[in-house]
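>>> Pasting a predicted model and its sequence here:
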Amino acid sequence: MPQLGHFFMRDIEHRSDLEVLLRAFYEKLLDDPEVGYIFTTIAKIDLEPHLVHIVDFWEQTLFNKGSYRNNVLQIHQDLNSLEKLTSRHFEVWLSHFTAIIDNMFTGEVAEKMKTRALSIATVMQMKLHFPAK
């Protein structure tokens, strides 16, 4: 089992794991000059309520439980109308996402989360750049 410092890394098991993971991810993301402004200046997210929604989304996605019911694509379509989301934006987002997961967790659910993130980012880019007519 891989080690992080003197701790053994483990898989993502609970909502609390998602909370820790996603907080670390957004702290990294918001500091990135290539994408941070999208969240702070364009979307003007309030991090604490945003984290609750994002944790709800991933809890639903990974564990099939939770209360997330928002339309993720519509949220990003609205954002895209304010600031064009480029392939580079998605690359940076996915790079940070994957790195944070790899630095904090290992296992089946961690791998599933990375795979789902790639899938979501790919479909979202297609829908944003090539919308159905």
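The structure has been received and is ready for your questions. Since this is a predicted model, take the numbers as computed values, not measurements.

>>> isn't residue 15 right next to residue 54, touching?
No: at 11.6 Å, residue 15 does not count as touching residue 54 under the criterion of CB atoms under 8 Å. C-beta: built from backbone N, CA, C; applies to glycine.

>>> I'd like the distance from stretch 65-77 to the chain centre, please.
Put simply, stretch 65-77 sits 12 Å off its chain's centre (CA atoms, centre = their mean, to the nearest Å).

>>> That one spans what distance, first to last residue?
25 Å (CA to CA, to the nearest Å).

>>> Would you mind telling me which of residue 15 and residue 54 has the busier surroundings?
residue 54 (19 against 16; other CB atoms under 10 Å).

>>> So that one belongs to a helix, correct?
Yes: under DSSP: H, G, I helix; E, B strand; the rest coil, residue 54 sits within a helix.

>>> How about it, nearest residue that isn't a chain neighbour?
In this structure, residue 54 finds its nearest non-sequential neighbour in residue 22, 5.4 Å apart by CB to CB, 6 or more residues apart in numbering.

>>> ok, now which ones touch that neighbour?
51, 54, 55, 58 (CB atoms under 8 Å, 6 or more residues apart in numbering).

>>> can you pull out the strands in the chain?
Under the criterion DSSP state E, strands of the chain are mapped to 3-4, 7-8.

>>> Mean pLDDT lowest where, among these?
With a mean of 54, strand 3-4 has the lowest mean pLDDT of these.

>>> Quick check: the closest residue to residue 70 other than its chain neighbours vs residue 47, distance?
In space, and not counting its chain neighbours, residue 70 is closest to residue 53: 6.8 Å by CB to CB, 6+ apart. As judged by CB to CB, to the nearest Å, residue 53 and residue 47 stand 11 Å apart.
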